[in-house]
Structures are given as structure tokens and as C-alpha cells.
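Chemist: pasting the structure only:
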RNA sequence: GCCCUCGUGGCGGAAUGGUAGACGCUGGAGACUUAAAAUCUCCUGACUGCAAGGUCAUGCGGGUUCGAGUCCCGCCGGGGGCACCA
């Protein structure tokens, strides 16, 4: 049933059809069946207190159009939405107000849901998930246990931002110009025990499998650069005074070994203390102290000029026994390679700069005409035994000979670092880990087949702590209530203050637990334990949500094999380019782990990826609260309706482009929808009398309809919504000039419009007497026979310049077209009296006459 | 510094190597109206010409081609990513 309004009252029409869809579960996706499946996914939002931003509906409208189009094409479409609801803002709000982050999060979700529903997206709300729901994060924790068991999770001391004034750990984004964002207090780097995931073990596969996905090239390249594979060699340099074993360095240029004139250790390198000679100790200690105070960022930003200090020690070059001084400098970082390098100033820009500053010798070993440093290719010189060899050959040969002598080997290094996976926060998934003593761990190990091959441990104040996982049957581990969301004050999360939750008697077989203040229960399976107080980062929940949508209420598995087999992975994934590296890399990592576990059958989670561009404010600047140029969907829905908003978002420009918002231009698409309304509905609200079930419409209109069907379909497939809308506008303009239109043509046109402006399309569909929903009607087909023109327009060029155009019969050959062109009054004068040099003829398109 | 992208009317943008500026906005003229709004029609890159037309024009400079916004080389500018990774 349509509404009763006589003019285009979008504020009645839109809620009416939204209610219809909801009442009829129009968009529910049933798992299984004979229809082919199509899974189209948005990056689910963080439900912030600010509500929906105009950038959200841009990507969401795009996927909604695809979802509705695919349904009409006969696909069983899965189009879900959920909430990435753990995170810092809710926690900060809780600290400020004392309300539980869950309450705040729930309120934000209600608001987001209201806004998203008002946009009329065809989500299957029966599959809504939230990462903060224990029924969801049970499986986030379960995945962590699998990582743990496979030795892919470990603990390590890692530096974090620490603010002594606030007595808390800060995230990178909470530190602005070396001060805390809140209060502007100084911050420092401090080592804390952290959970780390061994993503580096998957570096090679994460790199190699990029070849298999349909992603923007720029995104693939960013991931490649982030993984940063480089081939080279590890080389051992013996010490002149062997106070320790040899120094191991990594180099990509073993061919330049003869040009090594000094070595550099990172300030944090463990051998610095061992090999520094007594006279140099004070200088080295002072240098290490100044660099330790700097963050990685400061080290790169402030160290415009190279700095360093000599250790007093010498190493011996394994290829020629040369004596090379060992320096300490912060241009070498501990986290990459071995934290030690051989310096070849002649062929490395950084080494050259350092050598110049400290007057160290420079020896050229690669020949070439250009001045030093020469980092390009060439043949070797000054390298006895290798002179004259091309560098690539020398690389292989020297590496092989070092390996034969046990002084080195070919290796591959990655820039990718292991993933710091813990936060000292309340509002995140708790780790299902209990720390126990060594003896208790070994007793538990006998009863637990699910422990890693080597235990995860750390030492504090001389005591070893062993990580014992909760049994899977004890999941989920939920967050306890806390009296304060403020951190503990010593770098631990607020969970460290909840003693009854934290300090427990733990049954290692069943996962049962009791506060440690109570007496130890009977039985030999109860051990004293302390829970992990870190929580997981926001990435955790978003790493696998696309799998949960397949089977959102399953409490036996994170997703059933049947659902996985039927739905597979998303066929299209749309989201911002800001997630090009981290989210997409982390999710790929987890997916590969799940593949190795046999949980998922594919090696990659996202086969086709697309990034929507950013919408700027009307001033051309990035939208932000402080600039006051933020556009909210709510006000636009009220003033113009959501169909207009959706259409306009898509009409702004190419989906992937960055484009400014404009209030003036929205009137254009609004007029277009009004025009469509008028073509269907007369002033009194009845069907426009020009629509006829029997009378013939102009042939040109029929032809244009078929062209439009083809164009809109092609453009939706290619996510070119702006040109699809343009094609529909052209049709509407022609329609408006036609005295009669067949009812069938009008219905077909409404179907084309339906994915873009679904509410208006439903309304007009119903008014023309069709049964709702238009979403269930089969997508119109274009008839290629209708697209054939009677005549072709040929552009006549002379020497490549347009000189006229002629109409010729379809299929006309060159001779025929040339003859016509020579008679044509506008083009003929340009060739008169000239001799033809060449004729280029493109059938149906162009005739180019080249004259002297 | 390195890597990647994008530069087209007054504006957003369109153009498988084949009529540059589709579609929309803005602006102008007209129709309808007592009037206005809405709607409809025509015009709207620059220069030149009475006109037909001509010339120039896709950031700048070269090149390939019968023909270049599109391909190649070198610059300039905007945006993004990485950043002492040996």
C-alpha cells in the first residue's frame, strides 16, 4: 500500500517504507538455498557519541546500492552491520562521568542505529553484532587462545607512553607534541610488560598472497612496503679482543664488504657494555642515556645530524681481516635486522654522512662515474679476488663463500614488527590468562593438552610467572565491575584494583575460580593465580567480525562450517583507506591462522576491496568539530529526505575521490526525484495519464530505456554511481518530453532507480499498481536488438581536426563514407584542391582525411 | 628524501587513443502567473566575426601518433603513505 500524499512528501513516504521493510523482514538473509550468494560488507562503525558523520553514509550507500542490485539480479545477499564498540572514547567518558562504558556504548548504539535506519539501508538487522557483547568476545578470546597455543602470542617488555602526572599509560593519539593531550603534562617512554602477537611469522605469506586479491594497487603497495621484505646476508665479524662471540650484522649489500670501514651498533645493542673499553665507558654511557630518553619519533625528527660515539673496540672483517672500529649510533635501530651494521660509507648515504662527520675513512669498492656515495650498481674494485665482477654476481659469490666458512649466510629481513596486542585499559576484551607459579604450571601442564610448546613467562622481582590459559569451556571471561575507571597508577589497567577478580584460586582443569581471600578449595587442581590485567586492543574484535555475521548466534563455534561453506568471505568490502595497512593486515593475519587451524577454508578474507573517498566540508577542508563544517545526515534527511541524500552522496563524484560537500548542488538531485514523481503521479495523486498500458511510446524513448538499463547495470558493477545517476537523469529528461510512456517502461525505469532511491521507487511502484516490494522484482534486461541505430554519425576530420559530421547507413564502408564526406558542405571545402595522403576510417565513428 | 596518486569551464564532475566539457549546480533570457514560487524552453570555456565560421583551450615544457585529457620523458602544484629498516 502506498501512502496517500498527493505530492512528493518524502517525510511520509520514507518512514512508511522503512516500516514495511522492517515488518516484512524484506532483507533477511537465509543461509543456504539454490540461489547464488553475494556477501557485501561495510567496515562496521565505532559508535561514537557524536553520532553519524556524513562520511559514514557515503560508503554505506554504495554497498546498499550493490546489495539491492544484486538481490534484484537473483542473488541471495548477505548485507550485515554491527558495532566495533570497545575503545578509548567510551573509557574516557567513563573516567569523566563515572558511568559504565557499557551504558554509554549502549546509548551510542541506539543513536547510531536510529540514524542508520533513517537512511533506509537494507541491512539484515537479525545479524547485528557488537564486539562488546560477551557472546561475541567469547570467540575473540577463543581465537586468542588458539594463537597462544600455537606459540603466536608471547609477552615482552615494550616501551609505551607514560605520563607521571596522570599516572597512566597513554595511547599515541593521546600524546600531542610530547605532552599529554589531557592537561598538557610531560610524558616519557617507559617499558611495560605487554602481550605481543607473532605476525612476523606470517610475513612471507601476507606478502605473497597479496597477488591473489582484487584490491586497489595503492593499498597492496602500502602493505608490501609495510611488510618490507629485503634480501641480504647475515655476516659475522669477530672481535679483535674476543670479550664475546662475534658480532652479527645484516646487510643487503654483501658485495660491498671490502668497503666496510667501521661498524655501528644500536645504542640498545646487548653487546655495547661488553665490548666498550674502559676509557670510552663514560662517553658511551652518556650517549646511551640521551638516546634512551628519545622516542623513535624524536630520534628521527631531531637527529637531523648524525650522532654517535666510539666504543674503543675493533672488529675483524671476515673477507680480508681488516681492522674496523666499532661505534654506537642511534641511526641504527635495534628493532630491525640484528641491531648492528657494517658501515660502507662509499655506497650508503647514511654511512657516508656519518663518516664525513667523524672523519672515518671511505673506500670505494663499486666502480662508476658518479661521485660518492654511489648506491647504484656497477662492477667491483678494490676487492681482491672479486674485482671486475658485476655487483649481483659478487653478492651471490661472497655470500656463498662466507657461508662455506661459517661466517655468514643469506637471509631475508622484514620491516614488519610483531603486533603489540595489549592495552592498559578497562574497556576491552580481558585476556583469558591466569599467571601462576612455575611448579603449579608444570602440574597443570600434565592435565592440559592445550598449552604452547614452550611456556610463556616473565620474571618480576626474581619471581617467574607462567601464563596458564583458561580452558575454552570457561569462556567468555567477562569484565568485572569496577569502582573507578581510573588506571591503577602504576601502569596497570583499572582491573588491577579489583582484588576479588584479580587474585584467585584457579582450577586449572575446569577454569573455576574463587577469590583468593577465601579458603583454598579441596582438590589438587586448585592453584593460586593472578589474572592478566591488560585488555585487548580495539583491533581484536574487528579482526574477524566478517566471519561472525555468517552465523551470529552460534554458541558452539565462532561460525558453523555450513555457514562458512555457503557464504564464504565477503565478495565486496568497502571502507576507508585509513585502514589500508593495520586493520586489513591484522585481519588477514588472523584469517590465515584460522585457515591453518582448519576453521576457515580460504586463505584470504577480503577478495575485493574498495576505498570510498573522504567528503570534505563546504570550505574544502576536512570536516571537523573545531572547524564547524560538519554536516549531519539528520538535518538533511529532515530537509530533503534520505533518498535525496543517498543520491546526492553518490552524485558528488567518483566513489573513491576526495570531494567537497555542497548544499547548492543537492537541489539538483532533489529536483530530479521530484521530476520522477511528477512523471508518475498527477497533481491529484492519481497515476499520471501519460502512462499507458497499451499506447505506443516514441521509439527513441524505448531505445534510450534499453541504453539506460545497460549503462546503470554496468556502472553499478563498476561502482560508478555518479555516471549511473547521470544516465537516469538523461532518461528522465527525455521521458518528460515524451507525450506517452508505456507502463512497462516506467516500471523498468523505477527498478533502475530503486537501489539508489528505494523509498520513492517503492512508493511509485505501488502507486502504479504493482505489489510491493520492488526489491523482489527481477532486474530489467536490455534487448541488444533495441540498441541498434538506423544510422551512424561519422565525424569527418581533416588532418585530425574536426571539420563536420555526416549521417551514414549502419555498416557503411570507407568508400561510401568518403564519397559522402566529399559532398558535405562543411567538410568539403577543407579538402578541395588538395591531394590525399592518407585516409583513416574507423567504422561507425570517424573518417580522417590526411592531405598535403 | 623515497613510494603512490590527482591537476579538465565560474563550481562538482564526464569522456574503450577517435566530436573535450555528458549530467548537475550557478548565471542570463524567455514562457506560464494578477504576482511570486514551482515548472518548462533556450543560452552559458576564452578570443574573434554581421553571420557561416575560425583560432586557442584539459597545470607547464617536450615527444610518439593520421589523431593525445588519455601513452612516453622532464618539470611545477595539491593530497596520501613511508621515513636513518642497513
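Modeler: Now that the structure is in, tell me what you want to look at. Every value quoted in this text rests on a predicted model; they were computed, and no experiment measured them.

Chemist: ok and the residue in the stretch 551-700 of chain A nearest RNA strand B?
Modeler: residue A:668 (2.3 Å; CB to the nearest atom of the strand). Placement of C-beta: from N, CA and C, glycine included.

Chemist: show me the contacts for the residue nearest to that residue when sequence neighbours are not counted.
Modeler: In space, and not counting its chain neighbours, residue A:668 is closest to residue A:651: 7.6 Å by CB to CB, 6 or more residues apart in numbering. Taking CB atoms under 8 Å, 6 or more residues apart in numbering, we find residue A:651 in contact with A:665, A:668-669, A:721-722, A:725-726.

Chemist: check what pLDDT residue A:651 gets.
Modeler: Note on residue A:651: pLDDT of 95.

Chemist: same question for residue A:292.
Modeler: Taking residue A:292 on its own, its pLDDT is 75.

Chemist: what is the neighbour count of it?
Modeler: 12 (other CB atoms under 10 Å).

Chemist: ok, it touching residue A:267?
Modeler: Yes. Here residue A:292 reaches residue A:267: they are 7.0 Å apart, a contact under CB atoms under 8 Å.

Chemist: check contacts around residue A:146.
Modeler: Taking CB under 8 Å, 6+ apart, we find residue A:146 in contact with A:593-594, A:597.

Chemist: next, the buried residues of stretch A:461-468.
Modeler: A:465-468 (16 or more other CB atoms under 10 Å).

Chemist: neighbour-wise, which of the contacts of residue A:651 leads?
Modeler: Result: residue A:721 is most packed of the contacts of residue A:651 (other CB under 10 Å), 26 neighbours.

Chemist: and residue A:40, what pLDDT?
Modeler: 98.

Chemist: quick one: contacts for it?
Modeler: A:63, A:66-67, A:70, A:77-79, A:570-572, A:574.

Chemist: so which of those belong to helices?
Modeler: A:63, A:66-67, A:70 (DSSP state H).

Chemist: which two in those residues are spaced the farthest apart?
Modeler: A:63 and A:70 (10.2 Å; CB to CB).

Chemist: residue A:264 sits in which helix or strand?
Modeler: Secondary structure from DSSP states H and E places residue A:264 in strand A:262-265.

Chemist: for the helix or strand just after that strand, buried residues please.
Modeler: Once the chain leaves strand A:262-265, the next helix or strand it forms, by DSSP H and E, is helix A:272-275. Neighbour-count burial for helix A:272-275, counted by 16+ other CB under 10 Å, picks out A:272, A:275.

Chemist: name the helices or strands packed onto helix A:272-275?
Modeler: strand A:309-316 (3 or more CB pairs under 8 Å, 6 or more residues apart in numbering; DSSP states H and E).

Chemist: name the nearest of the contacts of residue A:146 relative to residue A:387.
Modeler: Nearest to residue A:387 among the contacts of residue A:146, with distances taken as CB to CB, is residue A:593, at 49.3 Å.

Chemist: in what helix or strand does the closest one lie?
Modeler: Per DSSP H and E: helix A:582-596 holds residue A:593.

Chemist: the helix or strand following that helix - what's its average pLDDT?
Modeler: Sequence-wise, the next helix or strand downstream of helix A:582-596 (DSSP H and E) is strand A:609-610. Average pLDDT, strand A:609-610: 95.

Chemist: show me what contacts residue A:467?
Modeler: A:148, A:155, A:433-435, A:455-457, A:532.

Chemist: now the residue lying closest to residue A:559 once chain neighbours are set aside: how far from residue A:135?
Modeler: Using CB to CB, 6+ apart and skipping residues adjacent in sequence, the residue nearest residue A:559 is residue A:551, 4.4 Å away. From residue A:551 across to residue A:135, the span is 12 Å (CB to CB, to the nearest Å).
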